[in-house]
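K.L.:
Whatever this is, show me its structure:
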Amino acid sequence: MNAQPDGHPGTGAAPGPVTGAKRSLSGRNVALLVTAVVLVIAVAALNLIHVPKVILRPGPVTNTLGKTDGKPVIEVKGVKTYPTSGTLDFTTVSMAGGPQYPVSIMEWLRAKYFEDDAEIYPEDVWFPQGITSKQVQKQSTAEMTNSQQTAEVVAMRAAGITVPETIKVIQLQKGAAAQGTLKPGDVLVKLDGTKVTTLKSVSTVMAKVKAGTAVPVTVERGGKQLRLTVPTSAGDGGHAVFGIAISPSYAFPYQVKVNAGDVGGPSAGTMFTLAIYDLLTPGALTGGHQIAGTGTMSEDGSVGPIGGIRQKMLGAKRAGAKFFLAPTSDCSEAKGHEPKGLTVIRIDTVKDAISEVEQIAQGKTSGFPSC
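P.N.:
The predicted structure is shown next:
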């Protein structure tokens, strides 16, 4: 018996064909392989290369009368609150684009040709050139915080609760007429003989002042009151201005905490206001209905414009809402795009919003002011 090199006994037979021997690739297979590689590279490139676009899509909906992450969205402490029902949903927009979430070519193509509920804008419509991701996040968080505070003030005052406030100078603009008289940190006490109690009281007095004239102003500085004569200049529209930035500070009689989750921006202000008002007043404001909406909230109770109202209406409809509160200022964009089965009600002030919601609670289903 002959031994093979590997130490196993052999048969003495001549070597034959080996099953599984390598074969050269055919031209067709090579072409397919090259095509597949090219496609993989192309898809990767489409996902890696960014375009200066912003894509808006319907975002999540949150009931301000409900809970998020196991906590009430609105918590009021230090005062009696009342049980309620129904929903007052604030709506959001899912946004892709800008320094935080840049849009790839692939995402842009998908949104443009395959997503009916997506809207595409040039990036500079939403983001100033050169703004950083950190700046966007900081601004968004500040807007949400301010909207919550303003909602607390407006809701409490609408419920008949006094919320004292002081108005403080926080900045003098470059070349301000008030340079050398007013200083950052000054608290405005009187303006042209009128006591300063709110932001609106300041604008009311200044609306009567002729640009270029000096105004007697009493301020509190370092614990003392000072009487000053402050010059003015002409601002936008020719109105008299000091050239200062002012900010209110509130003495809240009760504690209100808003747990909005990972949401930024100011557009939930109106729905926060309604929810806080609902908790502070007897009875269910909604009458058990599911109502959604949007709108910024100003200290004087006016409802301001927002972005992405078409996506917000769609989000509200998909969440089951039958009624939607929309700022009058956004009506031109909303008109003609109202989802079927969703009654869109335009509002200008928190009083309008409360009144319309009360009408819904009483069973009214039509005849509302619309866009």
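
K.L.:
Now do stretch 74-83, average pLDDT.
P.N.:
The average pLDDT within stretch 74-83 is 95.

K.L.:
residues contacting the closest residue in space to T270 that isn't next to it in sequence?
P.N.:
Sequence neighbours aside, G295 is the residue nearest to T270 in space, at 3.7 Å (criterion: Cβ to Cβ, 6 or more residues apart in numbering). The way it works is simple: take the backbone N, C-alpha and C, and place the C-beta from them, glycine included. Counting by Cβ atoms under 8 Å, 6 or more residues apart in numbering, G295 makes contact with 267, 269-271, 303-306, 325-327, 347, 353.

K.L.:
can you check E333 too?
P.N.:
Taking Cβ under 8 Å, 6+ apart, we find E333 in contact with I309, R310.

K.L.:
SS state for it?
P.N.:
Reducing the assignment at E333 to three states with DSSP: H, G, I helix; E, B strand; the rest coil gives helix.

K.L.:
Tell me the pLDDT of it.
P.N.:
Here the pLDDT value assigned to E333 is 95.

K.L.:
Quick check: it vs G307, distance?
P.N.:
Using Cβ to Cβ, to the nearest Å, we find E333 at a distance of 9 Å from G307.

K.L.:
Ok, E356 next?
P.N.:
The gap separating E356 from G307 is 22 Å, by Cβ to Cβ.

K.L.:
Contacts only, for V217.
P.N.:
V217 neighbours (Cβ under 8 Å, 6+ apart): T181, L182, L188, K190, L191, D192, R227, L228, T229, V230.

K.L.:
again, but for Q149
P.N.:
By Cβ under 8 Å, 6+ apart, Q149 lies in contact with Y250.

K.L.:
With E143 instead?
P.N.:
Per Cβ under 8 Å, 6+ apart, neighbours of E143: G264, G265, P266.

K.L.:
Can you list the low-confidence ranges for the chain?
P.N.:
1-25, 27, 29-31, 33-47 (pLDDT under 70).

K.L.:
For the longest helix that it contains, list every residue counted as buried.
P.N.:
For the chain, the longest helix by residue count, based on DSSP state H, is helix 133-158. Within helix 133-158, the residues that count as buried by 16 or more other Cβ atoms under 10 Å are 136, 143-144, 147-158.

K.L.:
again with stretch 53-66
P.N.:
Buried residues in stretch 53-66, counted by 16+ other Cβ under 10 Å: 53-65.

K.L.:
mind listing the strands in the stretch 151-300 of the chain by residue range?
P.N.:
Taking DSSP state E, counting those that start in this stretch as the test, the strands found in the stretch 151-300 of the chain are 165-172, 187-191, 194-195, 214-221, 224-231, 233-234, 240-241, 244-250, 255-258, 290-293, 296-297.

K.L.:
partners of the fifth one in the sheet?
P.N.:
The pairing partners recorded for strand 224-231 under DSSP bridges are strand 214-221 (antiparallel).

K.L.:
Could I get the CA-only coordinates of the strand it pairs with as PDB?
P.N.:
Taking Å, rounded to 0.1, in the frame of the first residue of the first chain, the C-alpha atoms of strand 214-221 are listed here in PDB:
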ATOM      1  CA  ALA A 214     -37.700 114.000  26.900                       C
ATOM      2  CA  VAL A 215     -39.800 112.000  29.300                       C
ATOM      3  CA  PRO A 216     -39.800 112.200  33.100                       C
ATOM      4  CA  VAL A 217     -39.000 108.700  34.400                       C
ATOM      5  CA  THR A 218     -38.800 107.400  38.000                       C
ATOM      6  CA  VAL A 219     -36.600 104.300  38.400                       C
ATOM      7  CA  GLU A 220     -35.500 102.200  41.300                       C
ATOM      8  CA  ARG A 221     -31.800 101.700  41.400                       C
END
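
K.L.:
That strand: which residues count as buried?
P.N.:
So, applying 16+ other Cβ under 10 Å, buried residues of strand 214-221: V215, V217, T218, V219.

K.L.:
List the beta-bridge partners for the second one.
P.N.:
V217 forms beta bridges with L191, L228, as assigned by DSSP bridges.

K.L.:
any chance you could map the helices in this structure?
P.N.:
Using DSSP H, helices in the chain cover 27-48, 105-114, 133-158, 199-206, 269-280, 309-318, 331-334, 350-361.

K.L.:
and those as CSV, adding distance to K340?
P.N.:
Output for these, formatted as CSV (distance: least, Cβ to Cβ, whole Å):
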stretch, distance to K340
helix 27-48, 35
helix 105-114, 22
helix 133-158, 30
helix 199-206, 40
helix 269-280, 23
helix 309-318, 8
helix 331-334, 14
helix 350-361, 19
